[in-house]
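K.L.:
Sharing a model that was predicted from the sequence below.
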Amino acid sequence: MGYQVLQNIVFSQSDFAPQEVFYKSEKSFPVKKGLVLDQDGTLDFFSYFNMFSWDKWQEYTGVSSLSLVLDLAGSCEVAIRCLDSSGKVQGESVTLLQTGGDILLDVPDKICSGHIGFSIRAKSPVCLKSAYWGTCSGSFRRDIRTAVVFCSFNRDEYLYPNLKVIRNEELNNLDVFVVDNASRIDENRIRAISENFYLFHNPNTGGSGGFTRGILEAVKSSRGYTHVLLMDDDIRLNGETLFRAQALISLLKPEYQKHFLSGAMLQLDKPQMMFESTARWNGFRVKNYKKDLDITQVKNICLADKDEKRDNCYAAWWFCGIPLSDGIENDLPFPFFIYGDDMDYSFKRAPGLLTMNGIAVWHESFARKFSPLFKSYFFCRNTMILNSLHSKKFNYFHNAVNSAAHFFVQLFVHDYRSASLALDAVEDYLEGAEYVAALDEQDILKYKSMPTDFKARSKKELKGAYPIQDNFRRWFSPWYFLHRKLAVYNYEQSGAEIRTRSVRKILALLNRYFKLRFLFILRYPKVSPGYRKLERGLQFWQDRLYVSEGA
């Protein structure tokens with residue numbers, strides 16, 4: 001094969017991400033194309049987006065050589081170092097450059113290990129125009145074509161900037177599908193951005209329906225897509241992330257070609273902090289790996305790149321690359337509406353997950369968007385369905401405890417509307433798979449949505465109220481129950497909801513709970529297998545999305 005660019009060095013800064021996630025510097029400043037250093041200035045590219053994960057590239061692709069290519073002018077010293085998993089320097093190669101232009105520095109074999117980065121110290125004023133990590137040793141290169149699928153519902157403030165980022169990256173063999181669950185976007189506006197961007201109006205069938213529509217459109221297309229890349233509509237995206245995803249997928253060894261590519265989630269409100277790099281479901285709760293790592297710290301960057309080789313891990317659909325293998329149209333996601341679809345599909349179709357530092361997006365905080373309907377109805381209902389779909393991993397005990405926990409946690413914090421929603425979730429689950437699949441989610445959104453009452457409170461209103469956060473740890477809920485009055489603050493701390501313990505409401509909810517628990521014992525043996533038997537292939541989804549096979 002010819003020379004292959006694996007990772008471009010990212011200079012770009014944004015109004016939401018700190019410079020340190022890209023590089024650190026002294027006596028430097030950005031110009032229209034590149035960075036300029038004054039004499040004795042330094043640039044340090046040992047960063048989350050610019051270090052090279054040698055061990056992973058070698059494992060996933062078999063790459064056996066690496067070069068650093070620089071386009072610069074001026075005299076400088078370039079130091080290439082390798083770091084171990086704890087961030088300690090294990091080897092170094094230093095080169096003094098006296099000339100400008102394109103300069104190729106081969107990384108010595110002795111330091112091809114761990115994480116590889118470089119720094120520059122200027123001996124005279126220097127202009128660094130571009131840089132990248134590349135190789136000429138990849139032996140598994142194959143042609144791919146990717147359909148990027150955005151599932152969108154009235155998030156124009158995120159969608160259009162991301163579309164422009166992708167257009168400006170000028171990537172080959174990549175098209176964009178915008179699935180508009182609100183059916184309101186003008187197709188001309190999408191096609192005006194790029195001729196390789198396509199719009200599909202869709203009924204509001206949530207994330208599972210929107211992403212499934214994108215998968216179906218890619219499968220039936222004549223453009224020869226090999227992969228779909230699913231992305232949420234409320235993310236911020238760096239275009240280089242897509243380039244790296246394409247480069248990695250195109251070079252994978254055969255044993256990794258059916259793996260899902262899992263992009264990490266960085267926190268949009270704390271952009272130097274990671275929220276997750278893969279996660280695990282244990283039948284009761286989600287374990288987010290690498291949560292709250294500060295990726296401006298070198299040791300954390302190395303830690304963030306460690307794969308979690310555990311059972312029941314999954315790739316979230318804020319950035320998830322999925323190979324379009326044979327028969328995928330007959331094995332499509334369950335109609336969860338929201339939550340659970342990415343877990344189920346990873347368990348069902350992914351032989352493993354691929355992760356890589358620098359393949360990540362910034363995502364809006366979940367704490368800001370999770371309503372009582374989401375947390376207490378969809379989360380409770382869908383995780384019970386998920387456990388039933390994968391009964392070899394999870395069983396009656398998981399669902400019995402899971403549903404009880406959702407109810408009692410809300411009861412303990414005096415949130416009686418959410419406790420009632422948790423019971424609604426159990427009722428609907430017990431009606432079975434056909435019933436859930438036939439539910440009109442718009443009716444659920446209309447009749448089950450319950451507004452919160454977060455607002456500024458006076459000292460009089462707060463008097464005697466025990467303060468807690470809306471995203472409290474559920475293990476503490478019995479302690480909160482001991483307080484008659486709670487002041488529950490929202491994520492921004494801008495307002496609170498006052499909740500007061502009510503014995504009358506507690507008794508009414510407990511009466512309903514124990515009746516449902518009896519039904520749960522009786523119906524579960526028949527209901528649970530029904531979810532595994534539900535047909536969710538091509539015809540099921542075409543009927544659900546009103547899409548004809550020849551559309």
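P.N.:
All right, it came through fine. Everything numeric in this text was worked out from a predicted model, so none of it was measured. Numbering: from 1, shown residues only.

K.L.:
show me where the stretch 251-400 of the chain has helices.
P.N.:
Listed in chain order, the helices of the stretch 251-400 of the chain (DSSP state H, counting those that start in this stretch) span 298-304, 341-349, 366-369, 372, 379-389, 396-412.

K.L.:
just the ones you listed: most buried one?
P.N.:
Most buried of those, by mean neighbour count (mean count of other C-beta atoms under 10 Å): helix 379-389, with a mean of 25. Glycine gets a C-beta too; all of them are placed from N, C-alpha and C.

K.L.:
helices or strands up against the helix or strand where residue 151 lies?
P.N.:
Take DSSP states H and E as the rule and residue 151 turns out to sit in strand 146-152. Using 3 or more C-beta pairs under 8 Å, 6 or more residues apart in numbering; DSSP states H and E, the elements in contact with strand 146-152 are helix 156-169, strand 174-180, helix 206-220, strand 227-232, helix 239-250.

K.L.:
if you set the cut-off to 7 Å instead, what comes out?
P.N.:
Where contact means 3 or more C-beta pairs under 7 Å, 6 or more residues apart in numbering; DSSP states H and E, strand 146-152 is packed against helix 156-169, strand 174-180, helix 206-220, strand 227-232.

K.L.:
and the first one, how far out from the chain's middle?
P.N.:
Averaging C-alpha positions (C-alpha atoms, centre = their mean, to the nearest Å) puts helix 156-169 17 Å from its chain's average.

K.L.:
Residues contacting it, please?
P.N.:
148, 150, 152, 176, 193-194, 197, 233-235, 237, 239, 242-243 (C-beta atoms under 7 Å, 6 or more residues apart in numbering).

K.L.:
what's the closest of these to residue 64?
P.N.:
Distances from residue 64 to these, taken as C-beta to C-beta, are shortest for residue 243 (21.7 Å).

K.L.:
gap between residue 499 and residue 366?
P.N.:
22 Å (C-beta to C-beta, to the nearest Å).

K.L.:
try residue 184
P.N.:
25 Å.

K.L.:
which outside residues touch the helix or strand containing residue 71?
P.N.:
Taking DSSP H and E as the definition, residue 71 sits inside strand 67-73. Here strand 67-73 makes contact (C-beta under 7 Å, 6+ apart) with 80, 100, 102-107, 118, 126-135.

K.L.:
if we can go back for a sec, the strand holding residue 151: partners in the sheet, and parallel or antiparallel?
P.N.:
Paired strands of strand 146-152, with direction, are strand 174-180 (parallel), strand 227-232 (parallel) (DSSP bridges).

K.L.:
Next, the angle from the last one to helix 156-169.
P.N.:
By that I understand strand 227-232. 150 degrees (axes from the mean of the first three to the mean of the last three C-alpha atoms, to 10 degrees).

K.L.:
Averaged pLDDT, strand 227-232. What do you get?
P.N.:
Average pLDDT, strand 227-232: 97.

K.L.:
so how far is that strand off the chain centroid?
P.N.:
The answer for strand 227-232 is 10 Å, by C-alpha atoms, centre = their mean.

K.L.:
Ok, the first one next?
P.N.:
Between the mean C-alpha location of strand 174-180 and the chain-wide mean there is a distance of 17 Å, by C-alpha atoms, centre = their mean.

K.L.:
Same question for stretch 108-124.
P.N.:
On C-alpha atoms, centre = their mean, the centre of stretch 108-124 falls 31 Å from that of its chain.

K.L.:
What of stretch 222-240?
P.N.:
12 Å.

K.L.:
go on, stretch 67-75?
P.N.:
34 Å.

K.L.:
Same check on stretch 314-324?
P.N.:
8 Å.

K.L.:
From one end of that stretch to the other, what's the distance?
P.N.:
17 Å (C-alpha to C-alpha, to the nearest Å).

K.L.:
what do you get for stretch 95-105?
P.N.:
Stretch 95-105: ends 8 Å apart by C-alpha to C-alpha.

K.L.:
Tell me which of the helices of the stretch 251-400 of the chain lies nearest to residue 290.
P.N.:
Nearest to residue 290 among the helices of the stretch 251-400 of the chain is helix 298-304; the distance by C-beta to C-beta comes to 5.1 Å.

K.L.:
Not counting its neighbours along the chain, what's nearest the most centrally placed residue in the chain?
P.N.:
Centroid-nearest residue in the chain: residue 318, 3.5 Å away (criterion: C-alpha atoms, centre = their mean). Nearest residue to residue 318 in three dimensions, chain neighbours excluded: residue 232, at 4.3 Å (C-beta to C-beta, 6 or more residues apart in numbering).

K.L.:
List the contacts of stretch 460-472.
P.N.:
Residues beyond stretch 460-472 that count as contacts (C-beta under 7 Å, 6+ apart) turn out to be 367, 480, 483, 485, 486, 487, 488, 489, 490, 491, 498.

K.L.:
same thing but at 6 Å, please
P.N.:
367, 480, 483, 485, 486, 487, 488, 489, 490, 498 (C-beta atoms under 6 Å, 6 or more residues apart in numbering).

K.L.:
Surely residue 187 is in contact with residue 200?
P.N.:
No. Using C-beta atoms under 6 Å as the test, residue 187 is too far from residue 200 to be in contact (9.3 Å).

K.L.:
Among those two, which residue is more densely surrounded?
P.N.:
residue 200 (22 against 14; other C-beta atoms under 10 Å).

K.L.:
Any of the contacts of strand 67-73 buried? List them.
P.N.:
80, 100, 105, 107, 118, 126-129, 131-135 (16 or more other C-beta atoms under 10 Å).

K.L.:
and the two most separated of the contacts of stretch 460-472?
P.N.:
Every pair of the contacts of stretch 460-472 checked by C-beta to C-beta; the farthest is 367 and 485, at 23.0 Å.
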